[in-house]
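Peer 1: this one's structure only:
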DNA sequence: AAAAAAT
């Protein structure tokens, strides 16, 4: 019976206190019929609701591909299309160790939302222990109802928090309910130019691909066709995929601009815009492309479209972007991934540069053969060198960095995910966003100079309730991160080596300005600046810097916040404390 | 300083 409550929650969101409320009133929620079938779910058995239509030989020059012709009587997007066993298998039986379909037989399916919910269970069960999907992550719990209530959203959250589902589910749900609108005429399959209803922008190719993969799962048996475009891959093939129909487009900015200029994509009917990892995109210099896409083209203006921004931090640049792109938005801050997680044991060891390799071998030998280890290095050259070294030492390993071809990158990731190469040597490209299940051990062979990068890296392990270990090699080259690292370790209640403590103490006294972490000068901001007029925080943690006060430094927004801000509802797995709402009922 | 991303 619990599922019904989940769906009820989708339909009714009380904006004032952020609670679920009431029972579903929307008739659309019941249009799937309330069958409680014993085999699989009623949803998967409901062949009568399969799409009516036919394939027709394409009449285009150089075409010849068959295309789907919609039966005008069946343009109800809230109804599922016919099942496709081959596709179902492709989407849902991938790398996971076996979803227990039988387990869902007893679940009563009573509302339209089950369409999405079936997908939800499929997808979430991939990365999690079987009992994990029983609860939404904090960002899901809060973002989904906000998006469902058609409000713009600025969310401080990171991937790995279940963020992808947090925007895909409600966006798809709304597309299912409302149908394609004008885009039905313009988003036709076979059209040379496609008009997606929803656009998701992501900073890296792999992240775009990953979001696309999730979208395909959630969109299974719907009329929504997801596509992905990113650089480094054959553009011709991507164009052909687009021409088969595109309602939800996931893209990296550069390739999308390219596609727009080639006249392959029109954004006139793009009612949902998602900017994922917005801070990262700005860091990477994507702002001109993003503005080109959002402001200098045909996309509906803010207020007409619904816009959702996700960002790990909330510095000045992101605030400006939020002001420009979002209309009367809801600000949502949930904790950060990684550091506050009690699931990750963080170790810092002093290792001289020359000892790193042999120390690494010791660590690898101490690790179980079939558990995944992710080794971070600082440079692309370093990644190649280390991979080579490990390879010659007889370890099954691979590497990923920006100088490798896109094909190699994806292959490496696949080899790693599948366990064929349980050791992956990576640069920063793999630090953020990538959701790799079962990474047992993250090793910072080279520590990053940026604490946020560190947090992202260790967040690759200990995901969704699993236990993880993060080991970092530290030596005098890493003094710049000493203070921030100490803060993180203390915050996460980790063991702190005494040498690190004294080093941090020395460092702080040597340089009183540089020693101040930018986290506390607002860089890692997760506070809605609109509540603090003038930009100088009314609440200033005792460690907070005031250095960005009126001038608007390059990062941050003045003021600050105390260290335990994040402990409230942070990620890290223990979702059982995430509030009084019981998503699944009893 | 290095990394990422359109060709």
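Peer 2: Yep, it's here. Since this is a predicted model, take the numbers as computed values, not measurements.

Peer 1: ok, then the element right after the strand or helix carrying residue A:485?
Peer 2: Counting by DSSP states H and E, the element that carries residue A:485 is helix A:482-491. Under the assignment DSSP H and E, the closest C-terminal helix or strand after helix A:482-491 is helix A:498-510.

Peer 1: Low-confidence stretches in the stretch 1-150 of chain A?
Peer 2: For the stretch 1-150 of chain A, applying pLDDT under 70 flags the ranges A:1-75, A:93-135.

Peer 1: Quick one: low-confidence residue ranges for chain A.
Peer 2: Across chain A (using pLDDT under 70), the flagged ranges come out as A:1-75, A:93-135, A:158-160, A:184-190, A:335-342, A:432-433, A:463-465, A:509-586.

Peer 1: What residues does it have near DNA strand B?
Peer 2: With CB under 7 Å from any atom of the strand as the criterion, chain A meets DNA strand B at residues A:203-206, A:230-233, A:235, A:252-258, A:261, A:283-286, A:378-382, A:401-403, A:427-429, A:449-450. Heads up, the C-betas are built off the backbone N, CA and C, glycines and all.

Peer 1: Go through the helix or strand that residue A:292 is a member of and flag the buried ones.
Peer 2: Following DSSP H and E, one finds residue A:292 within helix A:287-294. Buried residues in helix A:287-294, defined by neighbour count with 16 or more other CB atoms under 10 Å: A:287, A:289-290, A:292-294.

Peer 1: Please name the nearest non-neighbouring residue to residue A:351.
Peer 2: residue A:473 (4.1 Å; CB to CB, 6 or more residues apart in numbering).

Peer 1: which phi and psi does that neighbour have?
Peer 2: Backbone torsions of residue A:473, given as degrees, to the nearest 10, read phi -90, psi 130.

Peer 1: check contacts around it.
Peer 2: For residue A:473, the contacting residues are A:349, A:351, A:356, A:359, A:443-447, by CB atoms under 8 Å, 6 or more residues apart in numbering.

Peer 1: taking the residues you listed one by one, which sit in helices?
Peer 2: Judged by DSSP state H, the subset of the contacts of residue A:473 located in helices is A:356, A:359.

Peer 1: so how far is DNA strand B from the spatially closest residue to residue A:436 that is not a sequence neighbour?
Peer 2: Distances taken as CB to CB, 6+ apart put residue A:417 closest to residue A:436, at 5.8 Å, once the chain neighbours are dropped. Distance from residue A:417 to DNA strand B, counting by CB to the nearest atom of the strand, to the nearest Å: 17 Å.

Peer 1: Name the SS class of residue A:417, please.
Peer 2: Here residue A:417 is recorded as helix under DSSP: H, G, I helix; E, B strand; the rest coil.

Peer 1: Filter the contacts of residue A:473 down to the buried ones.
Peer 2: By 16+ other CB under 10 Å, the contacts of residue A:473 give A:351, A:356, A:359, A:443-447 as buried.

Peer 1: Angles on the backbone of the residue of the stretch 401-550 of chain A found nearest DNA strand B, please.
Peer 2: Here the residue of the stretch 401-550 of chain A nearest DNA strand B is residue A:402; by CB to the nearest atom of the strand that distance is 1.8 Å. Torsion angles at residue A:402 (phi, psi; degrees, to the nearest 10) stand at phi -70, psi -20.

Peer 1: contacting residues for the nearest residue to it once chain neighbours are set aside?
Peer 2: Closest residue in space to residue A:402, ignoring its immediate chain neighbours: residue A:429 at 5.5 Å, by CB to CB, 6+ apart. Residue A:429 makes contact with A:204, A:206, A:400-402, A:409, according to CB under 8 Å, 6+ apart.

Peer 1: and what of residue A:279?
Peer 2: Taking CB under 8 Å, 6+ apart, one finds A:311-315, A:317-318 in contact with residue A:279.

Peer 1: which one of those has the most neighbours?
Peer 2: residue A:314 (28 neighbours; other CB atoms under 10 Å).

Peer 1: How about the secondary structure of it?
Peer 2: Residue A:314 - assigned by three-state DSSP - is coil.

Peer 1: Let me know the distance separating it from DNA strand B.
Peer 2: Counting by CB to the nearest atom of the strand, the gap from residue A:314 to DNA strand B is 19 Å.

Peer 1: Touching, that residue and residue A:157? I think so.
Peer 2: No: if you go by CB atoms under 8 Å, residue A:314 and residue A:157 don't touch, sitting 10.9 Å apart.

Peer 1: anything in contact with each of these two?
Peer 2: residue A:333.

Peer 1: what's the distance between the nearest residue to residue A:478 once chain neighbours are set aside and residue A:310?
Peer 2: Take residue A:478 and drop its neighbours on the chain: the residue closest to it by CB to CB, 6+ apart is residue A:447, 4.6 Å away. From residue A:447 across to residue A:310, the span is 26 Å (CB to CB, to the nearest Å).

Peer 1: same thing with residue A:290?
Peer 2: Distance from residue A:290 to residue A:310, by CB to CB: 14 Å.

Peer 1: Return every residue with contacts to both of those two.
Peer 2: The contact lists of residue A:290 and residue A:310 share residue A:275, where a contact means CB under 8 Å, 6+ apart.

Peer 1: ok, residue A:471 - contacts?
Peer 2: A:347-349, A:363, A:441-444.

Peer 1: make it 10 Å
Peer 2: A:345-349, A:351, A:359-360, A:363, A:373, A:375, A:441-445, A:458 (CB atoms under 10 Å, 6 or more residues apart in numbering).

Peer 1: cool, residue A:247 as well?
Peer 2: Counted by CB under 10 Å, 6+ apart, residue A:247 has contacts A:77, A:172, A:175, A:180, A:183-184, A:187, A:194-198, A:215, A:219, A:222-227, A:269.

Peer 1: and if you look at residue A:384?
Peer 2: By CB under 10 Å, 6+ apart, the contact set of residue A:384 is A:377, A:399, A:401, A:403-404, A:425.

Peer 1: Are we agreed that it is in a strand?
Peer 2: No: Residue A:384: not assigned to a strand; according to three-state DSSP it is helix.

Peer 1: which element is the residue in the stretch 251-400 of chain A that DNA strand B sits nearest to on?
Peer 2: Nearest residue of the stretch 251-400 of chain A to DNA strand B, counting by CB to the nearest atom of the strand: residue A:254, 2.3 Å away. Per DSSP H and E: residue A:254 is located in helix A:253-261.

Peer 1: helices and strands around that helix, which ones?
Peer 2: Using 3 or more CB pairs under 10 Å, 6 or more residues apart in numbering; DSSP states H and E, the elements in contact with helix A:253-261 are strand A:198-201, helix A:205-218, strand A:226-229, helix A:235-243, strand A:248-251, helix A:287-294.

Peer 1: again, only using 6 Å
Peer 2: Contacts defined by 3 or more CB pairs under 6 Å, 6 or more residues apart in numbering; DSSP states H and E place helix A:253-261 against strand A:226-229, helix A:287-294.

Peer 1: mind listing what's buried in the next helix-or-strand element following that helix?
Peer 2: With elements assigned by DSSP H and E, the helix or strand that comes after helix A:253-261 is strand A:272-275. Across strand A:272-275, burial judged by 16+ other CB under 10 Å covers A:272-275.

Peer 1: Setting the sequence-adjacent residues aside, check what's closest to residue A:280.
Peer 2: Per CB to CB, 6+ apart, closest to residue A:280 is residue A:203, 4.3 Å.

Peer 1: Please apply the same query to residue A:405.
Peer 2: That would be residue A:232: by CB to CB, 6+ apart, it lies 7.0 Å from residue A:405.

Peer 1: what's the answer for residue A:214, then?
Peer 2: residue A:164 (5.0 Å).

Peer 1: which strands and helices sit next to the strand or helix carrying the one you found?
Peer 2: Using DSSP H and E, residue A:164 sits in helix A:163-178. Identification of packing neighbours for helix A:163-178 by 3+ CB pairs under 6 Å, 6+ apart yields helix A:138-148, helix A:205-218.

Peer 1: from these, which stretch is densest packed?
Peer 2: helix A:138-148 (a mean of 24; mean count of other CB atoms under 10 Å).
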